[in-house]
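**Q** sharing a model that was predicted from the sequence below.
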Amino acid sequence: MAKEVLRRAFLDLDLFHGGQADSVHGEFGPALGWCQPVNNQGQTTEDLVSDWIQNNHAEIVRIRDVLLAFTDPHLVAQGQALANYVLHDLVPAVTSAANDPSLTQVWLAERLANVGLLPMFGFPTRVRFLFHDRPGMAHEWPPERGVVDRDLDIAISQFAPRAETVKDGLIHTSVGVVDYQPQGNQVVEMPAPLGPARSIGFCRSCQAVDDSANPAPVCQVCGATAQDDPGYEIIQLSEPKGFRTWYGRTRDFEGLFEWTPRASRPKMGIAQLQGAQRANFEVWSDQATVFVVNDNNGYLFRFEKLLQGETWVVRDALAQVGVNNPPLAGGIPMEIRALASIKPTDVMVLGINNWPAGLVSTPTDLNCRAALYSFGFLLRCAAAAEACRRRFCCSGCAG
Ligand SMILES: [Zn+2]
């Protein structure tokens with residue numbers, strides 16, 4: 001519904017411009033354009049779309065009714081809430097995504113897909129590059145040579161500093177992070193390739209994540225503290241813009257390389273969820289933020305800025321490729337981060353009400369945690385099969 005309302009507004013307002021339809025997610029122009037003036041009165045795209053929505057209530061209700069025809073009665077019952085969402089919440093949500101410094105996508109539609117406002121069509125677009133050659137001219141952007149690309153969920157493990165990637169018979173070792181962007185004919189390194197830090201409470205004992213604005217000093221689920229081992233810690237997450245090697249320091253692939261996938265399973269923040277009762281389950285589903293975290297086995301990553309340019313490196317990773325005295329910028333504090341993929345998505349949570357006597361149910365027990373993961377994968381397989389049968393698309397197919 002958000003997509004159709006935006007499409008109609010852009011069409012009526014003549015905001016679609018040729019040559020800007022590069023995004024597979026639509027053609028709403030660059031994210032930067034949303035808050036910029038587009039006419040002589042100084043009105044922005046945001047202003048015009050907001051006015052269009054307020055002046056076209058009847059059209060919005062018609063769009064909603066077309067989309068709800070022959071759908072589940074449960075959805076039809078939410079018709080008023082859907083209309084209210086478009087009237088009051090859609091434009092602020094688009095503005096928030098357009099201005100969010102943690103999002104790297106240039107095109108507005110792609111950003112909106114990443115925050116869950118537009119459909120994703122099942123294709124991963126949160127792609128990150130590992131640069132193993134310095135990128136050349138901007139007309140070859142995004143580059144097809146000198147890079148390996150992966151979805152961010154995978155990149156935070158495969159491209160993490162010290163991790164090795166094999167390509168065309170060579171081993172490339174990631175040493176740090178970089179944000180290359182085309183400017184004119186050149187490709188330049190942009191500042192702050194780690195992106196803004198996000199604090200979370202991270203429990204290595206029970207695997208809980210506290211993603212509230214002020215994470216608690218001890219684990220709210222199992223009570224673990226920073227002194228326990230494995231314990232609980234407030235850590236700074238980073239979604240890097242890109243990764244790179246120390247150019248020229250490859251080695252031949254002879255059948256052996258070091259690569260360990262170190263990122264966690266997807267987790268969501270702890271919260272008091274009010275689920276519906278079904279059989280012996282409590283069932284909750286809604287949109288939530290899901291975290292995949294690589295905390296370097298609890299050691300985190302210590303990033304330092306190079307003297308030249310805007311690359312941030314990790315000393316251990318440089319030592320691995322024989323660079324022992326890197327030219328570092330003095331006086332700039334080290335950034336200690338975990339690598340993360342943070343995304344809003346649809347989530348279903350099941351709680352088991354009554355466990356049969358004699359069964360262990362605590363996630364702090366390794367055996368029990370393994371059994372719970374197995375049960376989760378079983379459910380995901382069942383949900384994916386059901387979604388395919390109904391011709392929905394879901395990430396269950398992918399994983
Ligand atoms: Zn815990």
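**A** Ah, there it is.
**Q** low pLDDT regions in this structure?
**A** Low-confidence regions of the chain, defined by pLDDT under 70, span residues 18-26, 120-125, 258-261, 390-399.
**Q** wait, what's in contact with Gly231?
**A** For Gly231, the contact set (C-beta atoms under 8 Å, 6 or more residues apart in numbering) comprises Cys203, Arg204, Ser205, Ala224, Thr225. C-betas here are computed from N, CA, C, even on glycine.
**Q** buried ones only from those, please, as a PyMOL command.
**A** In PyMOL syntax, the buried subset of these is picked out as below (16 or more other C-beta atoms under 10 Å):
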select buried, resi 203+204+205+224
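**Q** so which of the contacts of Gly231 are also by the ion?
**A** Contacts with the ion within the contacts of Gly231, counted by C-beta under 5 Å from the ion: Cys203, Ser205, Ala224.
**Q** the first one and Ile53, how far apart?
**A** Right, Cys203. Separation of Cys203 from Ile53 (C-beta to C-beta, to the nearest Å): 43 Å.
**Q** what does the last one give?
**A** When distance is defined by C-beta to C-beta, Ala224 is 48 Å away from Ile53.
**Q** of all the ones next to the ion among the contacts of Gly231, which comes closest to Glu46?
**A** Cys203 (40.0 Å; C-beta to C-beta).
**Q** do I have it right that Ile171 meets Arg249?
**A** No. The pair Ile171 / Arg249 is not scored as a contact, 9.8 Å apart, by C-beta atoms under 8 Å.
**Q** those two: which is more packed in?
**A** Ile171 (21 against 16; other C-beta atoms under 10 Å).
**Q** please report phi then psi for that one.
**A** Per-residue torsions, Ile171: phi -100, psi 120 (degrees, to the nearest 10).
**Q** a strand runs through Ala340, doesn't it?
**A** Yes. Under DSSP: H, G, I helix; E, B strand; the rest coil, Ala340 sits within a strand.
**Q** show me what it bridges to in the sheet.
**A** Val293 (DSSP bridges).
**Q** and it, how close does it get to the ion?
**A** 18 Å (C-beta to the ion, to the nearest Å).
**Q** and for Phe16?
**A** According to C-beta to the ion, Phe16 and the ion sit 50 Å apart.
**Q** neighbours of that residue, how many?
**A** 14.
**Q** what sits against it?
**A** Contacts of Phe16 were listed using C-beta under 8 Å, 6+ apart, and they are Phe10, Glu27.
**Q** now do the SS call for it.
**A** Here Phe16 is recorded as coil under three-state DSSP.
**Q** could you check how far Pro119 is from the ion?
**A** From Pro119 across to the ion, the span is 35 Å (C-beta to the ion).
**Q** hmm, Lys3 and that residue touching each other?
**A** Yes. Counting by C-beta under 8 Å, Pro119 does reach Lys3; the two are 6.7 Å apart.
**Q** burial measure for Pro196, as a count.
**A** By other C-beta under 10 Å, 12 other residues sit near Pro196.
**Q** quick check: it vs Asp100, distance?
**A** Taking C-beta to C-beta, one finds Pro196 at 9 Å from Asp100.
**Q** also Glu239?
**A** Distance, Glu239 to Asp100, by C-beta to C-beta: 11 Å.
**Q** more neighbours: the two, which one.
**A** Remark: of Glu239 and Asp100, Glu239 carries more neighbours, 22 against 15, as counted by other C-beta under 10 Å.
**Q** what about Leu306, neighbour count?
**A** 19.
**Q** just Ser50 next, same as before
**A** Neighbours of Ser50 (other C-beta under 10 Å): 18.
**Q** then Gly33?
**A** Number of residues near Gly33 (other C-beta under 10 Å) recorded here: 18.
**Q** do the same with Cys206
**A** 19.
**Q** isn't it up against Leu366?
**A** No. Using C-beta under 8 Å, Cys206 is not in contact with Leu366, being 11.4 Å away.
**Q** OK, contacts around Pro161?
**A** With C-beta under 8 Å, 6+ apart, Pro161 has these contacts: Ser174, Val175, Gly176, Phe301, Val313, Val314, Asp316, Ala317.
**Q** ignore the last one, Asp295
**A** So Asp295 contacts Phe202, Arg204, Ile235, Ser264, Ala338 (C-beta under 8 Å, 6+ apart).
**Q** show me which of the residues you listed is closest to Asn185.
**A** Checking these against Asn185 with C-beta to C-beta, the nearest one is Ala338 at 36.6 Å.
**Q** next, count neighbours for the closest one.
**A** Other residues near Ala338 come to 26 when the count uses other C-beta under 10 Å.
**Q** how about the one 4 residues further on?
**A** Here the number of neighbours of Ile342 (other C-beta under 10 Å) works out to 18.
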